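**Q** sequence and computational prediction follow.
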Amino acid sequence: MDRKRIVVKIGSSSLTNSKGEIDQLKLKDHIASIAALKRVGKEVILVSSGAVAAGFKQLGYPSRPVTLKGKQAAAAVGQGLLIQHYTESLKEYGIVPAQILLTRNDFSKKERYRNAYSTLSELLERGILPIINENDTVSVEELTFGDNDMLSALVSGLIHAEQLIILTDINGLYDSNPKENSSAKRLDYIEKVTPEFLEGAKGSGSKVGTGGMKSKLIAAETALSLGVQVFIGSGYGEDKLLDVLAGKGDGTYIGSDGLSAITSNRQWIALHSKVEGKVYVDEGAELALLQKGSSLLPAGIYKVEGIFEKGDVVEVFGTSGLIGKGEVLYGSNELTDLLAGKLRKQEGLQEVIHRNSWVKI
């Protein structure tokens, strides 16, 4: 696949002024840089924060609300304002936007996950700019993405992006806090996100945003696991995103060249699926799964736990504990009977988990 898709994530602090209102100059600057990407043939997906930040003033809140109902009410007002501003600014470049609001359920339900991919692909093929945000108005707290940094990472994996560009008000990752240490040195490139980087990136986002540098690094770690390189930084001007792709961005690049894209089905299994049961395998099956890239056959299973149906996802345990997850081709009752010799194998169906529906942990 010729990966020419770019996901750009714009945080609230990069889109609003000190009062929490949409800053027209900032917005027009972002739009100009996105239009420049599209002119050179890139397919762009925009993950934009700002709905809550744009809406809370209209509700009479003096600052960003902290209660769930306050955030949801502000998002209900602000989302319309946000997409209106984008639509008006994009007209200048002949770009048509499409608003997409997502929740965790859109990723956890396999059919909805596939539909999200199909919709995004169709929009991109027709030259439309998808503008994605979390559906804050209806999301419940335990089913949120946490922040749009993680949402952008998951979207970048879903559509097999070439790069995820996270724009923020800080120009990258530093070896110490630049606000406290004037000699702090920026890290222009790191190969991977380590526990040390996460420990050093404590702190929350701005008054109008939710994600600090730590949330961006966690998102970057997820994107890398899905085969997508990441840039975290800032910039100004029409060419700022082109500069990022050319290696001249004002920020930190994360991830080495040659990352392999992960299939959509494996992404869903690894990150979004609900685990319905467990199967335990012997040493031979563990070796076949982990080192030979084989499918899991009934002969390698010695115990089944839980109640699950064909197509559900189960955890697989080996001699060393949890080794992976996979989508089963047998329900639990059928598999139990098969292992007990009460059920004959169906012609052409021997694998319990096909290698293409298996992910290592």
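**A** Nice, I can see it.
**Q** end to end on stretch 275-293, go ahead and measure it.
**A** From its first residue to its last, stretch 275-293 covers 22 Å (C-alpha to C-alpha, to the nearest Å).
**Q** and for that stretch, what's in contact with it?
**A** 294, 296-297, 299-309, 312-320, 323-325, 328, 332, 335, 352, 355, 358, 360 (C-beta atoms under 8 Å, 6 or more residues apart in numbering). C-beta coordinates here come from the backbone N, C-alpha and C atoms, glycine included.
**Q** the same query, at a cut-off of 6 Å, please.
**A** For stretch 275-293, the surrounding residues in contact (C-beta atoms under 6 Å, 6 or more residues apart in numbering) are 294, 300-306, 308, 312-319, 332, 355.
**Q** and the longest helix for the protein?
**A** When secondary structure is assigned using DSSP state H, the longest helix within the chain turns out to be helix 68-90.
**Q** helices and strands around that helix, which ones?
**A** Packed against helix 68-90, as judged by 3 or more C-beta pairs under 6 Å, 6 or more residues apart in numbering; DSSP states H and E, are the following elements: helix 24-39, helix 51-55, strand 97-102.
**Q** in its sheet, what does the next helix or strand after the longest one sit against?
**A** Going down the chain from helix 24-39, the next helix or strand is strand 43-48, by DSSP states H and E. Listed by DSSP bridges, the sheet partners of strand 43-48 and their directions read strand 5-10 (parallel), strand 129-134 (parallel).
**Q** would you mind giving the domain segments of the protein?
**A** Taking automatic domain parsing as the criterion, the chain consists of the domains 5-264, 274-360.
**Q** mean neighbour count for those domains - can I get that in CSV?
**A** Listed next are the domains of the chain as CSV, based on neighbours: other C-beta atoms under 10 Å:
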stretch, mean neighbour count
domain 5-264, 18
domain 274-360, 16
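**Q** let's have these in CSV, adding mean pLDDT.
**A** Below are the domains of the chain laid out as CSV (pLDDT from 0 to 100):
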stretch, mean pLDDT
domain 5-264, 87
domain 274-360, 90
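**Q** gap between A246 and I159?
**A** Here the distance between A246 and I159 works out to 22 Å (C-beta to C-beta, to the nearest Å).
**Q** quick one: V314 is in a strand?
**A** Yes. The assignment for V314 (DSSP: H, G, I helix; E, B strand; the rest coil) places it in a strand.
**Q** just give the nearest non-adjacent residue to it, would you?
**A** Nearest non-adjacent residue to V314, counting by C-beta to C-beta, 6 or more residues apart in numbering: G277, 4.4 Å away.
**Q** tell me the helix or strand right after whichever strand or helix holds that neighbour.
**A** G277 is part of strand 275-281, with elements assigned from DSSP H and E. The first helix or strand that comes after strand 275-281 along the chain, using DSSP H and E, is helix 283-290.
**Q** for the stretch 151-300 of the chain, just list every one of the helices.
**A** 195-200, 213-225, 240-245, 264-267, 283-290 (DSSP state H, counting those that start in this stretch).
**Q** who touches G324 in this structure?
**A** Listed by C-beta under 6 Å, 6+ apart, the contact set of G324 reads 316, 359-361.
**Q** how near is it to E276?
**A** In terms of C-beta to C-beta, G324 sits 15 Å off from E276.
**Q** same check, this time on I131
**A** According to C-beta to C-beta, I131 and E276 sit 35 Å apart.
**Q** and if you look at A184?
**A** Shown here: A184 relative to E276, a distance of 48 Å by C-beta to C-beta.
**Q** still on that earlier bit, which one among the contacts of G324 gets closest to T103?
**A** The shortest distance between T103 and any of the contacts of G324, using C-beta to C-beta, involves V359 and amounts to 23.2 Å.
**Q** the closest one: what secondary structure?
**A** Judged by three-state DSSP, the three-state class of V359 is strand.
**Q** what confidence value was assigned to the closest residue in space to it that isn't next to it in sequence?
**A** Once flanking residues are discounted, V359 sits nearest to A270: 4.4 Å by C-beta to C-beta, 6+ apart. Confidence per residue is given as pLDDT, and for A270 that number is 91.
**Q** what about the contacts of stretch 275-293, which are in strands?
**A** With strands identified by DSSP state E, the entries of the contacts of stretch 275-293 that belong to them are 301-305, 313-318, 355.
**Q** farthest-separated two in these?
**A** E305 and R355, at 22.4 Å, using C-beta to C-beta across the ones in strands among the contacts of stretch 275-293.
**Q** if we can go back for a sec, the strand holding G277 to strand 313-318, inter-axis angle?
**A** 30 degrees (axes from the mean of the first three to the mean of the last three C-alpha atoms, to 10 degrees).
**Q** got the angle between strand 275-281 and helix 283-290?
**A** 120 degrees.
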